[in-house]
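In: Based on what follows, work out the 3D shape:
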Amino acid sequence: MDGPAQAKLRALPQIQRLLETTQGQLLVARFSHTATVSALRLVLEQAREGLLSGAPAPGGAALLEAANTLLRTSAAPHLRRVINATGIILHTNLGRAPLAEAAIEAMRQEAAGYCTLEYDIATGARGSRTANIEPWLQRITGAAAGLAVNNCAAAMLLALTALAQGGDVIVSRGELVEIGGGFRIPDIIQQGGARLVEVGTTNRTRLADYQRAITAETRVLLSVHQSNFRISGFTERARLADLAGLARTRNLLLVHDLGSGSLQDLTALDGPAEATVQTSVAAGADVVAFSGDKLMGGPQAGILVGQAAAIATLRQHPLMRALRLDKLTLAALEATLRLHEEGPIDAIPTLRMLGQSRATLQARADALAALLPKPIGARLEPSTGFAGGGTLPESAIHSVCLTFGPPYHRSAETKLAALRAQPIPVIGRIANNAVLIDMLAVTDTDVPALAQALVAVFADA
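Out: As a prediction, the model looks like this:
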């Protein structure tokens, strides 16, 4: 290192001198002495690296401001509210289904004090943790019994472990799915202590394929909903009712992994003809597993409904305690189920978004555009959204978006990053080098904050 470089390094202020400044004392008061010292060490190290690379020497004020930025970023909560402008309603990375106001209020009530989580008011004795949701599940789905665990993967692990451990599980090759996060049906079967028996082919599996594969070791026939993909063309699948009949005649159990698990007829919302939980129960499945935070529109949960004996086996298994839900999730789940039975259905945000008319989306886009100065140059255009969360993969949803650029002084990626850096982060998407702000999952209450973010980022487009 030459003499001039050493002189520049020696000119950097010491941490103690920075701490003694007014700005340094404010940082200590806000973030603590330890945290401030750590931040200053980091920014000084970065400054040294910059000097050695030929960058100019920063002053004390610049170093303190860099430390302030670092401390504010590290102090911010990791989980934050964002505005979902992606056009995907059940965005897995953004928390999937937003909760209904009734579910939020139910959680607030339970969080504020004690509750009857495992207490029977009538007898004064210990009660069932899932007793509050079982009657709702029975009435809504038509099943004899029901319970819930912490997600659908857990529900499948519990079902296969309790019902098939040590035996064979027969599955069609066309249903050996993998969903987000690397969740694979074969892995869950193996983890549950059962053996996978594949039948049929990728595109065609008949009832006779299941019949020929049954042995004395068979415990479960497993049907898996192809939630996030479709096979089209020369295809064939065994009907669920036929699989249920085969299971009964051979003293086996039929488990249906329904995945998304809609409790409503989506055609009433101008959606596709998606199989409902009620259909699976009526077809005779012994256990039906589905998610709480997808098409049901509730909190994250794995829900299991079906025959009383099969559900009792799951309830008594040791895994049940490891996978059980907490009081807040159970409160939100009960409130969501109440809305499914008693209504109004459009109080559930997911279903309300799925059923939005083009006129509603256009009105929201117009309201947003009216808050933007004309020089920003946003264009109102039709767009295509999706339900998301591995649901309805072939069903595009009409939507409306605001499109920004090109051209820009900066790239679309840079603009998208700037939107994410706003006080309320905005998550949009890029298409053809333009930033798209889709209205499908934006709420009316989001519009003012969204407008502020767009002005901050695109005013100097």
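In: buried residues in stretch 297-316?
Out: 297-307, 310-311, 313-315 (16 or more other C-beta atoms under 10 Å). Bear in mind the C-beta positions are built from the backbone N, C-alpha and C, glycine included.
In: for it, how far is the first residue from the last?
Out: 28 Å (C-alpha to C-alpha, to the nearest Å).
In: ok now that stretch, how far from the chain's centre?
Out: Distance of stretch 297-316 from the chain centroid (C-alpha atoms, centre = their mean, to the nearest Å) equals 20 Å.
In: Just give me the neighbour total for I189.
Out: By the measure other C-beta atoms under 10 Å, the count of residues near I189 is 24.
In: element containing it?
Out: With secondary structure defined by DSSP states H and E, I189 is part of helix 185-191.
In: And that helix, what does it pack against?
Out: helix 152-164, strand 168-172, strand 195-199, strand 218-224 (3 or more C-beta pairs under 8 Å, 6 or more residues apart in numbering; DSSP states H and E).
In: now the third one and strand 168-172, what's the angle there?
Out: Orientation note: strand 195-199 sits at an angle of 30 degrees relative to strand 168-172 (axes from the mean of the first three to the mean of the last three C-alpha atoms, to 10 degrees).
In: thinking again about what came up before, now the helices and strands packed on helix 185-191 as JSON lines including mean pLDDT?
Out: Listed next are the helices and strands packed on helix 185-191 as JSON lines, based on pLDDT from 0 to 100:
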{"stretch": "helix 152-164", "mean pLDDT": "95"}
{"stretch": "strand 168-172", "mean pLDDT": "96"}
{"stretch": "strand 195-199", "mean pLDDT": "96"}
{"stretch": "strand 218-224", "mean pLDDT": "96"}
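In: Dump these to CSV, plus distance to N251 and mean neighbour count.
Out: Below are the helices and strands packed on helix 185-191 laid out as CSV (distance: least, C-beta to C-beta, whole Å; neighbours: other C-beta atoms under 10 Å):
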stretch, distance to N251, mean neighbour count
helix 152-164, 13, 24
strand 168-172, 14, 25
strand 195-199, 17, 18
strand 218-224, 10, 24
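In: Of all the ones you listed, which one comes closest to T69?
Out: T69 lies closest to helix 152-164 among the helices and strands packed on helix 185-191, at 38.8 Å (C-beta to C-beta).
In: can you list the residues that contact that closest one?
Out: Residues from elsewhere that reach helix 152-164 (C-beta atoms under 8 Å, 6 or more residues apart in numbering): 148-149, 169, 183, 185, 188-189, 191-194, 219-220, 222, 253, 255, 257, 259, 261, 287, 289-291, 302-304, 310, 313-314, 317, 319-320, 323.
In: In strands, which of the buried residues of stretch 297-316 fall?
Out: 302-306 (DSSP state E).
In: which among the residues you listed gets closest to L416?
Out: G302 (33.5 Å).
In: so what's that closest one scoring on pLDDT?
Out: pLDDT, G302: 97.
In: which non-adjacent residue is nearest it?
Out: The spatial neighbour of G302 that comes closest, neighbours along the chain excluded (C-beta to C-beta, 6 or more residues apart in numbering), is A155 at 3.1 Å.
In: again with P98
Out: P349 (4.5 Å).
In: Now do the contacts for that neighbour.
Out: With contact set as C-beta under 8 Å, 6+ apart, P349 has these partners: 97-100, 297, 443.
In: Need the buried ones from those selected in PyMOL.
Out: PyMOL command restricting the contacts of P349 to the buried ones, with burial defined by 16+ other C-beta under 10 Å:
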select buried, resi 97+98+99+100+297
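In: what two of the contacts of P349 have the greatest distance between them?
Out: Spanning the widest gap among the contacts of P349 are G297 and T443, at 14.2 Å by C-beta to C-beta.
In: Give me the distance between E178 and A154.
Out: Going from E178 to A154 by C-beta to C-beta, to the nearest Å gives 17 Å.
In: Same check on A247?
Out: For A247, the distance to A154 - C-beta to C-beta - is 23 Å.
In: Check Q191 too.
Out: Q191 is 11 Å from A154, by C-beta to C-beta.
In: likewise N132?
Out: Computed with C-beta to C-beta, the distance linking N132 and A154 is 19 Å.
In: now I437
Out: Look at I437 and A154: by C-beta to C-beta, they are 36 Å apart.
In: go on, F183?
Out: Between F183 and A154 the distance is 11 Å, computed by C-beta to C-beta.
In: Same question for G343.
Out: 29 Å.
In: swap in H91?
Out: H91 is 21 Å from A154, by C-beta to C-beta.
In: Could you list the low-pLDDT ranges of the stretch 101-250 of the chain?
Out: Filtered on pLDDT under 70, the stretch 101-250 of the chain yields the residue ranges 179-182, 228-229.
In: Do a quick rundown of the helices in the stretch 251-400 of the chain.
Out: Ranges of helices within the stretch 251-400 of the chain are 277-283, 308-316, 319-323, 327-342, 349-354, 358-370, based on DSSP state H, counting those that start in this stretch.
In: Ignore what I typed, I meant the stretch 1-150 of the chain.
Out: Secondary structure of the stretch 1-150 of the chain by DSSP H, counting those that start in this stretch: the helices cover 3-11, 15-20, 22-31, 33-52, 60-75, 101-111, 134-141.
In: Return the most buried member of the ones you listed.
Out: helix 134-141 (a mean of 19; mean count of other C-beta atoms under 10 Å).
In: ok, residues contacting it?
Out: 128, 143-148, 263, 277-278, 281, 288, 303, 305, 334, 337-338, 340-341.
In: hey, C-alpha coordinates of stretch 333-342 in CSV?
Out: In CSV, the C-alpha atoms belonging to stretch 333-342 read as follows (Å, rounded to 0.1, in the frame of the first residue of the first chain):
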residue,chain,number,x,y,z
LEU,A,333,-60.4,-20.7,10.5
GLU,A,334,-63.7,-20.8,12.4
ALA,A,335,-64.6,-17.3,11.3
THR,A,336,-63.8,-18.1,7.6
LEU,A,337,-65.9,-21.3,7.8
ARG,A,338,-68.8,-19.4,9.3
LEU,A,339,-68.7,-17.0,6.2
HIS,A,340,-68.7,-20.0,3.9
GLU,A,341,-71.9,-21.3,5.6
GLU,A,342,-73.7,-18.2,6.6
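In: Find me the pLDDT at the nearest residue to G306 once chain neighbours are set aside, would you?
Out: Using C-beta to C-beta, 6+ apart and skipping the chain neighbours, the partner closest in space to G306 is V287 (4.2 Å). Note on V287: pLDDT of 98.
In: Can you tell me who V287 pairs with across the strands?
Out: Taking DSSP bridges as the rule, V287 bridges to V255, G306.
In: I figured it hits H256, correct?
Out: Yes: using C-beta atoms under 8 Å, V287 makes contact with H256 at a distance of 7.1 Å.
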